[in-house]
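1. Model the following, please.
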Amino acid sequence: MLRNIFIIIILFTISVFQIKAQITVTTFNGKDSSNYSKDTIAKISLFTGKYINGNVYLNWVITDQHTDGIYIIYYSLDGKKFTMAGTKKGIGVAISKDIGYYLTLSTPFYFSNKIIYYQLLHLGINKSFIVSDIINIKIGQIEEQLSDSVTYYTN
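-> Take a look at the predicted model:
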C-alpha cells in the first residue's frame, strides 16, 4: 500500500494584537496542495508531558473537536527548529465534550540531561488546524540500552 507523504509548511505572522497562520499541505508527488485555516471552535485546553524511565508521556485535552483528523507531535532541542516525533489519529465528536489523548515516545539516550521542547498540531479533514503552545520537558539521565545478559559459547 502506497501512502501519501505530506510536506507541511507553517507560516506565522505575529503582531502585538493578533497571530495569523497559514498551513500548506502538499503531497509528496506535488499534485495536491491545500491551504488550511485556523479552527475557530476547537481548542487545546491542556498539553502536558512527563519524562519517566526513558519515555516521554504526552497528554492533551481538546475541547469542541467536531472533525476527524490527525495530531502531529513535534520535538525540538532548541525550541525553534522542530522535527516530527509522532502522530495520533484525532476523532471528532458531534457533541461539545472534552477528549483526552495520550502518546508515549521513547527517548533516545542522547537526549539525556536536556530540556526537550514539544508542540502539537492538529490537521482536520475539513482543512482546519489547531496549534498548541510549546511545552518543555526536562529529560533525566538515560543509559544506553545494552543487553541485560550475555551468553558466551566456547568451542
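
2. now I95: how far from D64?
-> 9 Å (C-beta to C-beta, to the nearest Å). Placement of C-beta: from N, CA and C, glycine included.

3. the more surrounded of these two?
-> Comparing I95 with D64 by other C-beta atoms under 10 Å, the one with more neighbours is D64, at 17 against 6.

4. My guess is that one contacts S96. True?
-> Yes - at 5.0 Å, D64 counts as touching S96 under the criterion of C-beta atoms under 8 Å.

5. got a pLDDT number for G69?
-> At G69, the pLDDT value in this model is 90.

6. Any idea what it is bridged to?
-> Following DSSP bridges, G69 is listed with bridge partners G90, G124.

7. contacting residues for it?
-> Residues near G69 by C-beta atoms under 8 Å, 6 or more residues apart in numbering: K89, G90, G92, H122, L123, G124, I125, S128.

8. surely the fifth one meets Y36?
-> If I follow you right, that is L123. Yes - using C-beta under 8 Å, L123 is in contact with Y36, at 6.3 Å.

9. Alright, calling it a day.
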